[in-house]
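Visitor: give me a model of this one.
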Amino acid sequence: MFDVSQTEGRPLPSLVAPLTGDVQQYEAFMEALRRTSPVPVQFKPLREGLDGFLNLEDQTITIREGMSQVQTVCAAVHEITHAMLHNRERDQAAAAAGNTNQEPPKPKDKNTREVEAESVSYTVCQYYGIETGANSLGYIATWSKDKTLPELKASLETISKTANVLITSTDFQTDYNALKEAHPGN
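Guide: Modelled structure (predicted):
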């Protein structure tokens, strides 16, 4: 076995690529995402290759500062999706408090959680004209490689519904912010 620095030749192909570019009305868009998120979103320095994470203990999302606007939005939507769909501790607490008539959902395996989160991120970003395919499609392919067709189909409804909720909420938050700025004092 050799370290890549000990080899020569063309670079190995990568399924994911860093995303570059700016997002129209980035600050307003990020504020709408923050308001949509079920847990607080913060920005901090993180190691290269870790764009963000959901901390179940603190109930916070941390996004790596210093990324491009496109990469930041993609990571934020991905982590917000985890908070919405895969926050088992929140579901258990709600069930224990009597806020639901049903048992919390069975935990999904990591591959399913990652496929769902990145698929929602890709769908939401596509809706807003933010191109993330260079990163998202390889990421989804990597995490879904061992999935069967019925498993993937089971996630499609979840992905579609969650993307719709995020888009609707983000649109509402963006419109709300625009109205607030256009009519201060109201």
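Visitor: buried residues, stretch 62-79. List them.
Guide: Residues 62-64, 67, 69-79 are the ones in stretch 62-79 that count as buried (16 or more other CB atoms under 10 Å). The C-beta positions use only the backbone N, C-alpha and C, and glycine is treated the same way.
Visitor: of the residues you listed, closest to Val165?
Guide: Distance to Val165 across the buried residues of stretch 62-79 (CB to CB) is lowest for Val77, with 11.7 Å.
Visitor: so what's that closest one up against?
Guide: Contacts for Val77 were tallied using CB atoms under 8 Å, 6 or more residues apart in numbering; they are Leu33, Val120, Ser121, Val124, Cys125, Leu166.
Visitor: please flag which of these sit within helices.
Guide: When the contacts of Val77 are checked against helices (DSSP state H), the matches are Leu33, Val120, Ser121, Val124, Cys125, Leu166.
Visitor: in ChimeraX, how would I select the buried members of those residues?
Guide: Here is the ChimeraX selection string for the buried members of the ones in helices among the contacts of Val77, based on 16+ other CB under 10 Å:
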select :33,120,121,124,125,166
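Visitor: what is the nearest of the ones in helices among the contacts of Val77 to Leu149?
Guide: Using CB to CB, the ones in helices among the contacts of Val77 come closest to Leu149 at Val120, 19.7 Å.
Visitor: quick one: Leu84 and Pro38 touch, right?
Guide: Leu isn't right for residue 84; it's Met. Yes: under the criterion of CB atoms under 8 Å, Met84 makes contact with Pro38 at 5.9 Å.
Visitor: what distance do you get for Ser155 to Asp58?
Guide: The gap separating Ser155 from Asp58 is 27 Å, by CB to CB, to the nearest Å.
Visitor: more neighbours, these two?
Guide: Ser155 (20 against 11; other CB atoms under 10 Å).
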